[in-house]
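A.B. asks: Sequence first, then the predicted structure, then my questions.
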Amino acid sequence: MKLSIASLEDLKWINEIYNHEVLTGVATFDTVPKTELEQTSWFLKHQPPYPLIVAKDGSQELGWGCLSPWAERQAYSGSAEITFYVADQYQGKGVGSALFERLEEEAVTYKFHTLLSRICTESKASIRVHEKNGFVQVGFLKEVGFKFNRYLDVVIYQKLYP
């Protein structure tokens, strides 16, 4: 498996993995698939210090992850949100963990003080990856999302860096 900074050529399959989750899962609370134009705008925002990393094995596209601003106000500049998505057929094979570890390295390189994640409580694999990497639950939001005709809870995970 090779991890690298995403290029615009990766955007089509990044969007396919994301839109699959939009339509079938709760890792995102988007409910409408993203268009290529929307995703191009999103992609262009992922420049240093907010890298977008892809995982590939030869020609196989395994997954992707990124760091994003936690909030727009300047006092939050030392905080970032960490996100990762893995194609269905590669889940449970270490891809998410590899992406996560690489994103943490990037966060240290860019001197972020804290990483945060908002995770649906039903996303057990994501919670396991976060906890395995030293993140702790710092918040619980009851029924803040509505998807697939039900309300969903969200936990907030955080890790501080020296």
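C.D. replies: Cool, got the structure.
A.B. asks: low-scoring stretches of the chain, by residue?
C.D. replies: Within the chain, no stretch has pLDDT under 70.
A.B. asks: my guess is residue 36 meets residue 11, correct?
C.D. replies: Yes: if you go by CB atoms under 8 Å, residue 36 and residue 11 touch, sitting 7.4 Å apart. In this view, the C-beta of every residue, glycine as well, is placed from N, C-alpha and C.
A.B. asks: which of the two has more neighbours?
C.D. replies: Shown here are residue 36 and residue 11; by other CB atoms under 10 Å, residue 11 has more neighbours (18 against 11).
A.B. asks: Next, that one: secondary structure please.
C.D. replies: State at residue 11, reduced to three classes by DSSP: H, G, I helix; E, B strand; the rest coil: helix.
A.B. asks: Please list all residues in contact with the residue lying closest to it once chain neighbours are set aside.
C.D. replies: Of all residues not flanking residue 11 in the chain, residue 43 sits nearest, at 5.4 Å (CB to CB, 6 or more residues apart in numbering). Residue 43 makes contact with 6, 8, 11, 14, 52, according to CB atoms under 8 Å, 6 or more residues apart in numbering.
A.B. asks: next one: phi and psi at residue 43?
C.D. replies: The phi and psi values for residue 43, taken as degrees, to the nearest 10, are phi -60, psi -40.
A.B. asks: So it versus residue 100, what's the distance?
C.D. replies: Residue 43 sits 20 Å away from residue 100, going by CB to CB, to the nearest Å.
A.B. asks: ok, now residue 157?
C.D. replies: Going from residue 157 to residue 100 by CB to CB gives 11 Å.
A.B. asks: what is in contact with the two at once?
C.D. replies: Shared contacts of residue 157 and residue 100, defined by CB under 8 Å, 6+ apart, are found at residue 130.
A.B. asks: quick one: the spatially most central residue of the chain from residue 152, how far?
C.D. replies: For the chain, the residue sitting closest to the mean C-alpha position, by CA atoms, centre = their mean, is residue 83 at 1.3 Å. For residue 83, the distance to residue 152 equals 17 Å [CB to CB].
A.B. asks: Fine by me, we can end here.
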